[in-house]
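> dropping a prediction and its sequence here:
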Amino acid sequence: VLAGDKFICLAISEAFAGSDVMGLRTTATLTDDGEHYIVNGTKKWITNGTFADYFSTAVKTDQGFAMICIPRTAGNVETKQIKTSYSTTAGTAYVTFDNVKVPKKYLIGEDGMGIYYILAALNDVKIFYRWTVPFRGLTFLVFTTVVILGIAPLKFIGVPIWELTGAIATGIALAREKQK
């Protein structure tokens, strides 16, 4: 994954629960021999799910919640691309796990601690959004410049407009959150 040869995604959201982590329905049941988890359920709006080789998946277990890294090669993992209002290059997917047998060694951390891992990861996302505004502003400047200079075709002008709109929207959301 770190070399860029494999892709990974974070599979938390579900059609029935959305971002309500406590409402997750995807289950992971330990086999009688204690060596594998059998994973069943669905995930929706999973960025990079279409391309992912591994799915860092939030599941319910007998111990509470857990995170399991599910390899696509485990079998019975199906992904369908979701058409979104933004680019299909994000590979946003609907993911189905149908009796997927995953070795216990793919458990991330400890069983029962998954909710803490999920909430910690989601809390760290706020830092990312603070950097989104200047990054999108820079993207706007670069793409606008290459279009004006004739390096990129005129049809690329939609990219900087989209990035500037995203920067403004994110900036407004962060300002409102700061006021609360």
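Right, received. Where do you want to start? No experiment lies behind these values; they were computed from the predicted model shown. Numbering: from 1, shown residues only.
> what sits against Phe7?
Residues in contact with Phe7 (Cβ atoms under 8 Å, 6 or more residues apart in numbering) are 1, 48, 51-54. Where you see a C-beta, it was placed from the backbone N, CA and C, and this is true even at glycine.
> and if you look at Ala152?
By Cβ under 8 Å, 6+ apart, the neighbours of Ala152 are 143, 146.
> 7 Å instead?
Contacts of Ala152 were listed using Cβ atoms under 7 Å, 6 or more residues apart in numbering, and they are Val146.
> next one, pLDDT for it please.
We have a pLDDT of 72 for Ala152.
> repeat that for Glu78.
pLDDT, Glu78: 97.
> cool, and Phe143?
With respect to pLDDT, Phe143 scores 70.
> tell me the buried residues within the contacts of Phe7.
For the contacts of Phe7, a neighbour count by 16 or more other Cβ atoms under 10 Å gives the buried set as 48, 51-52, 54.
> inside strands: which ones of the contacts of Phe7?
Tyr54 (DSSP state E).
> ranges for the helices of the chain?
Here the chain has its helices, by DSSP state H, at 114-148, 158-179.
> okay, the buried ones among the contacts of Phe7 in JSON lines with pLDDT and distance to Ala15 next?
As requested, these are exported to JSON lines (pLDDT from 0 to 100; distance: Cβ to Cβ, whole Å):
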{"residue": "Asn48", "pLDDT": "89", "distance to Ala15": "18"}
{"residue": "Phe51", "pLDDT": "92", "distance to Ala15": "21"}
{"residue": "Ala52", "pLDDT": "93", "distance to Ala15": "18"}
{"residue": "Tyr54", "pLDDT": "95", "distance to Ala15": "22"}
